[in-house]
Structure formats: structure tokens, C-alpha cells
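1. Structural data only, the sequence is not supplied:
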């Protein structure tokens, strides 16, 4: 079993920054892929960014390109999401997922609220 725990959410003013962390533990073993997604009230969950476990190839949704940066510390099975230039539209519950041996494991999420 793999546990995924997010942290770092909070309330920030528009234009501000936050850094989210996500740690995978348990039988994490070799993590193939880690990603951040978000879900705002009344909306579907959407992929924000991802990073592969081996080559570190990153992907960003268009709406965060140039503002968010995903990075990882493989020794700690941890991935980070640096979020800059936040806007109220970024308000959502941010979830982390880890793909291990073909199975996806999600965390409980961390709330990010951006005030105008």
C-alpha cells in the first residue's frame, strides 16, 4: 500500500506564492510518475502538472505554464509544486497522485485559497 500526503496549502493574496509538498510512503518502491491536480467547487478535477520518476520529464497545463514549477526529490519520494503569481482562479483543492507499478494513489488534498 502507498500513502500520499500533501501539505503546504493555505490562504494567499492574489499575486502571491505558495509551495505545495507531496510525500509518498509505504510500499512506494519505484515511483513511475507523480502529478498534481486540482478541483474547484462545482468543477471537475483537472491535471495541473506532472513529472516522470525516471527522466524527470515535466508537463504543465496551459493555465499554469510560466507560473507553476513541479520538482522532485527522488530520495524522499517527494514532489513539490511551486506556485507563483497566484490568482483567485487558482483557488481549489490540490491533490497529489503517485503512480507505482501501474496503480495510481491519491492523497486527500490540500486547500489553496487565493483572495483578490
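-> Done, it's in. Note that the coordinates shown come from a computational prediction; the quantities given were computed from them, not determined experimentally.
2. Please make it C-alpha for all contacts and neighbour counts, starting now.
-> OK.
3. Give me the contact list for the host helix or strand of residue 98.
-> Assigned by DSSP states H and E, residue 98 belongs to strand 92-100. Strand 92-100 is contacted from outside by 4-6, 22, 24, 28-41, 104-113, using CA atoms under 8 Å, 6 or more residues apart in numbering.
4. in its sheet, what does it sit against?
-> Partners of strand 92-100 in the sheet, by DSSP bridges, are strand 31-39 (antiparallel), strand 103-106 (antiparallel), strand 110-115 (antiparallel).
5. Pick the most deeply packed of these.
-> When those are scored by mean count of other CA atoms under 10 Å, the highest mean neighbour count falls to strand 31-39 (a mean of 22).
6. Can you point out the buried residues in the helix or strand following it?
-> Once the chain leaves strand 31-39, the next helix or strand it forms, by DSSP H and E, is strand 46-52. When burial is assessed from 16 or more other CA atoms under 10 Å, strand 46-52 yields the following buried residues: 47-52.
7. and the residue most central in space within the chain, what does it touch?
-> Residue closest to the average C-alpha location in the chain (CA atoms, centre = their mean): residue 36, at 2.8 Å. Counting by CA under 8 Å, 6+ apart, residue 36 touches 47-50, 81, 94-97.
8. quick check: mean pLDDT across the strand holding residue 98?
-> Average pLDDT, strand 92-100: 95.
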